[in-house]
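Build me a model:
(chains A and B)
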Amino acid sequence: MVIMMDQSKVYIEVRNCSAPVGIREIPVLDYGRFYDEVCSMLRDERFHCLTYFCYPAGEFLKFICFIADDGSGTIRILSHEQSNGTSLRSITSEVYAMHIFEREIHENHGVVFDDHPWLKPVRYPHDRADGQKAMDDYPFYEIEGEELHEVGVGPVHAGVIEPGHFRFICNGEKVLHLEIQLGYQHRGIERLLTESGAGLRGAILSEDIAGDTAVGHALAHAQLLESLALLEPSASLQAERCIALELERIAVHIGDTAALCADVAYQLGQVACEALRTMVINTTQYWCGNRFGKSMIRPGGTNFPLTEEIAGEILAVLEEVERRYGNVVECVYNMPSVLGRFEDIGTVTRTQAVSTGAVGMAARTCGVPRDIRSTHPFQHYRQMVVAPVMLESGDVLARGRLRALEVSESVKLIRRLTDEWRIPGSESSRPRYDLPLTPGSAGISVTEGWRGEICHVAITDSDGRLQVYKIKDPSMHNWMALALAVRNQEISDFPVCNKSFNLSYCGHDL
Amino acid sequence: MAGFILIAVAAFFFPGIILRTKSIASGRKGPGIFQPLKDVSVLLRKGSVFSDTTGLIFRIAPSVTLVSAAGAMMLLPFAEQKALLSFEGDFILFAYLLALGKFFTIIAALDTGSSFEGMGASREALFSMLVEPAFFVLMATFAMFTGYTSFSVIFNHFFITGNDYVLIYSIIGAYLLAQIAMVENSRLPVDDPKTHLELTMIHEVMILDYSGFDKALIHIGTWLKFTIYGSLIYNLVVPAGWNLFLKIGLFFAVQALFAVVIGFTESFRARNKMNKNPKFILTLSAIALIGFTVILILTDKLA
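Numbers count the residues shown, from 1 in each chain, chains lettered A, B, ... in the order given. Alright, predicted model coming up:
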């Protein structure tokens, strides 16, 4: 859509899911200039980095950085090129939020970042640059002290949850430091998606990037392919996709409320919310045949167009869910014994949220307005105003309450969406698995899943085949926020902190 | 003898009643009342797996715990019938028999070398230590109240002292014993027996490494501890002289009511934050101390 070239050609500006940018149109800066530009932008809270990665382009490594401008709703693309085995000045030492991207680049391509404060492995991918590094000798941070002890939890956990290793350094019951080692779930999904191109396999794979965000990731994938193929989905389909995304948000938020109650042994809240979550996911199943919304979102069209009957069912169920969930939430967040476990536990300060680059719910509970639906709207959200739900306190209670507020906000959104979805002459088409992708270009697609912003980027080669597919799940940033949140907390409060973030292991490990 | 048998019989129903109450309170169908029994009977038929790092202590601990609970049962009277074993100051032996079982659970947890179990052991040791004064001050109160120091005699004389305040003491005693039982058995609000989160566990984490037969012994030991405290409560609320069959019926009614109260408590509240637990437990001792001071005044020992 809008392609603006800055006069000094430092960056190129695009909008979320706009037409792809020719890879040659992205200005290539020398690293010094790139460093200064990125640092000066990211020091301003208005900007945050969506993704920063590199890929081999001939003899060079091409580095591309996508920075979201929350003020104007645009995305700035910058790039630089380096020869293999180079070492660069680390941006992380200036802007902490960049740590995960530089670590990923270091791990995958062997680029060394000088004075990076935390240049640790991210996920041990199979094709990592340094094959000598093994998961078993992860370089954990250590503190010496007679009174300190280490507690290692996982990677195999007591509940049916994903694998990840948590290493605590504690003084008695108090946590001094937590380090989270992930990577056990690495499946090479980016490579699989690159190979799948625009085919059905890619659409199915995208639903499994993080199984709890099937709709969010599948939507990011579908709209990325559509933007690369210059295809605008029909207006009614755009509204339907937003309904599916909000249904997912409602279901997961209610399920998380149940899990938060379970973690503090409040049985009533747990069972009541579990029952409500079932009602919501069963409605999703009624619509598309799968409780988690798999097979709902496909590039180019849908196999399950929304009908009057299904829309009526969704509204009827949501009306009851909203009423009952409202009652439960009022009971849960007014109960002294529950409040005692949630209030002032696992607090993330606003400064911490900004510096770790927290996104989505984790950011909004600290008063940082990060919501792609309002800043970089996509699909039908472009036609409506979504005000991000915000809280200030940043503790477990805030993350719990935010879920409750977002559920009622999402119900309102769905009511509006179902009003606006009936657009005369706008038929949902069937999915297309042969979309012709624009050759030699880069596309970006960002969605706001229930956890936060999901960013998919693809680069096509000169034949229109996918050359690079890059995924960023909101968990990538938020794991660090969790590690900070439990500092100086009691170790027995870690599970409830962890649950309040409910981050994805497989979304991080890819 | 009657006390011993009745406590053992009640123990079979106790966990099932808690479970049923919780199921009903949460609107679920839930398992039947005998499900815990069936689970344990399955465990009893299984072998145990031991980790390489554990030694003798780990293996004998479940048996010691069960035997110490059975030993404590022998000291408990039922109504006016004497206990199997009764002598002056037998409540001290009672408390330390239960403590012996706990001590072995704790050192067995340390024996595994796991950082989780060490953490659980340290928490359990702290909370058991804090709850001990509550029990002893309570028993001292009863000893002052009746003038005797043996369970059998104390309970026989409890209601016939002719003291006007007997009802208050019976209620305070029942309340404290119920709370002490919750702490000792690691239930809400101090601990959560249902949780799968090792970092929040107290008692459960210490028995994580047990399996099969040994685990069954630990479960049975826990049930017995419940009904042991239940029978103490019974003795405090039902006067000794009544008809035997009525008393047996009341015994089971008290135990069932105790289980239902536990079930409801665990349904409608959340668990304490770990660092609130010491305060909560010390409150029990404080209540016991108030009772003790009052009895000192009543018996003119304190002017």
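
Report the mean per-residue pLDDT for the strand or helix carrying B:Ile287.
Using DSSP states H and E, B:Ile287 maps to helix B:277-298. Mean pLDDT, helix B:277-298: 91.

what's around the residue nearest to B:Leu130 when sequence neighbours are not counted, how many residues?
Using C-beta to C-beta, 6 or more residues apart in numbering or on different chains and skipping residues adjacent in sequence, the residue nearest B:Leu130 is B:Ile281, 4.4 Å away. All C-beta atoms are positioned from the backbone trio N, CA, C, and that covers glycine. Residues near B:Ile281, counting by other C-beta atoms under 10 Å in any protein chain shown, number 24.

Distance-wise, check B:Ile281 relative to A:Asp493.
Going from B:Ile281 to A:Asp493 by C-beta to C-beta, to the nearest Å gives 19 Å.

do the same with A:Ser355
According to C-beta to C-beta, A:Ser355 and A:Asp493 sit 23 Å apart.

And these two? Which one has more around it.
Neighbour count, other C-beta under 10 Å: between A:Ser355 and A:Asp493, A:Asp493 has more, with 25 against 16.

quick one: the longest helix along chain B to helix B:277-298, angle?
Ranked by residue count and defined by DSSP state H, the top helix of chain B is helix B:115-146. Relative orientation of helix B:115-146 versus helix B:277-298 (axes from the mean of the first three to the mean of the last three C-alpha atoms, to 10 degrees): 10 degrees.

Just list what helix B:115-146 packs against, helices and strands only.
For helix B:115-146, the packing partners by 3 or more C-beta pairs under 8 Å, 6 or more residues apart in numbering or on different chains; DSSP states H and E come out as strand A:148-153, helix B:90-111, helix B:151-158, helix B:166-184, helix B:203-206, helix B:277-298.

So which of these is the most surrounded?
Of the helices and strands packed on helix B:115-146, the one with the most neighbours on average (mean count of other C-beta atoms under 10 Å in any protein chain shown) is helix B:203-206, at a mean of 24.

Now do it: distance to the chain's middle.
Relative to the chain's own centre, helix B:203-206 is displaced by 16 Å; criterion: C-alpha atoms, centre = their mean, to the nearest Å.

Output it as CSV, nothing but the C-alphas.
Output of helix B:203-206 as CSV, limited to C-alpha atoms (Å, rounded to 0.1, in the frame of the first residue of the first chain):
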residue,chain,number,x,y,z
HIS,B,203,4.7,-32.5,52.6
GLU,B,204,3.9,-33.8,49.1
VAL,B,205,7.4,-33.0,47.9
MET,B,206,9.0,-35.0,50.6
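
Can you tell me which helices and strands that helix packs against?
helix B:90-111, helix B:115-146.

how about the ones you listed in TSV, adding mean pLDDT?
Shown next, in TSV, are those (pLDDT from 0 to 100):
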stretch	mean pLDDT
helix B:90-111	94
helix B:115-146	91
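
Looking at these, spot the one closest to A:Gly346.
helix B:115-146 (18.9 Å; C-beta to C-beta).

residues of the closest one that come out buried?
Neighbour-count burial for helix B:115-146, counted by 16 or more other C-beta atoms under 10 Å in any protein chain shown, picks out B:115-125, B:127-128, B:130-135, B:137-146.

Kindly report the same for stretch A:419-438.
A:Glu420, A:Trp421, A:Ser428, A:Pro431, A:Arg432, A:Tyr433, A:Leu435, A:Leu437, A:Thr438.

Flag the helix or strand of chain A with the lowest per-element mean pLDDT.
Sorting the helices and strands of chain A by mean pLDDT, DSSP states H and E puts strand A:4-5 at the bottom, at a mean of 46.

What is the subsequent helix or strand relative to it?
strand A:12-15.

Parallel or antiparallel, which strands does that next one pair with?
Sheet pairing of strand A:12-15 (DSSP bridges) gives strand A:4-5 (antiparallel), strand A:74-83 (antiparallel).

How far off centre is the longest one?
Which is strand A:74-83. 21 Å.

And stretch A:238-246, by the same measure?
Worked out by C-alpha atoms, centre = their mean, stretch A:238-246 lies 17 Å from the chain centre.

Other residues contacting it?
The contact list for stretch A:238-246, computed with C-beta atoms under 8 Å, 6 or more residues apart in numbering or on different chains, reads A:215-216, A:219, A:222, A:233, A:284, A:287-288, A:293, A:296-297, A:302, A:305-306, A:314, A:379-381, A:410, A:413-414, A:417-418, A:420-421, A:423, A:428, A:447-449.

Have a look at chain B and report the helix or strand with the lowest mean pLDDT.
helix B:151-158 (a mean of 87).

elements contacting it?
By 3+ C-beta pairs under 8 Å, 6+ apart, helix B:151-158 packs against helix B:90-111, helix B:115-146, helix B:166-184, helix B:212-237.

mind giving me CSV with those helices and columns for distance to A:Gly340?
Formatted as CSV, the helices and strands packed on helix B:151-158 follow (distance: least, C-beta to C-beta, whole Å):
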stretch, distance to A:Gly340
helix B:90-111, 27
helix B:115-146, 17
helix B:166-184, 17
helix B:212-237, 26
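
among those helices, which is nearest A:Ala158?
helix B:115-146 (9.6 Å).

Would you mind getting the angle between the closest one and helix B:90-111?
Interaxial angle, helix B:115-146 versus helix B:90-111 (the same axes, to 10 degrees): 180 degrees.

Give me the angle between helix B:115-146 and helix B:212-237.
Going by the same axes, to 10 degrees, helix B:115-146 makes 20 degrees with helix B:212-237.

Residue ranges in the stretch 201-303 of chain B under the pLDDT threshold?
B:302-303 (pLDDT under 70).

how about the residues of the stretch 51-200 of chain B near chain A?
B:115-116, B:118-119, B:188-189, B:192, B:194-200 (C-beta under 8 Å from any C-beta of the partner chain).

How about stretch B:9-20, which residues are buried there?
Result for stretch B:9-20 [16+ other C-beta under 10 Å]: buried residues B:Ala10, B:Ala11, B:Phe12, B:Phe13, B:Phe14, B:Pro15, B:Gly16, B:Ile17, B:Ile18, B:Leu19, B:Arg20.
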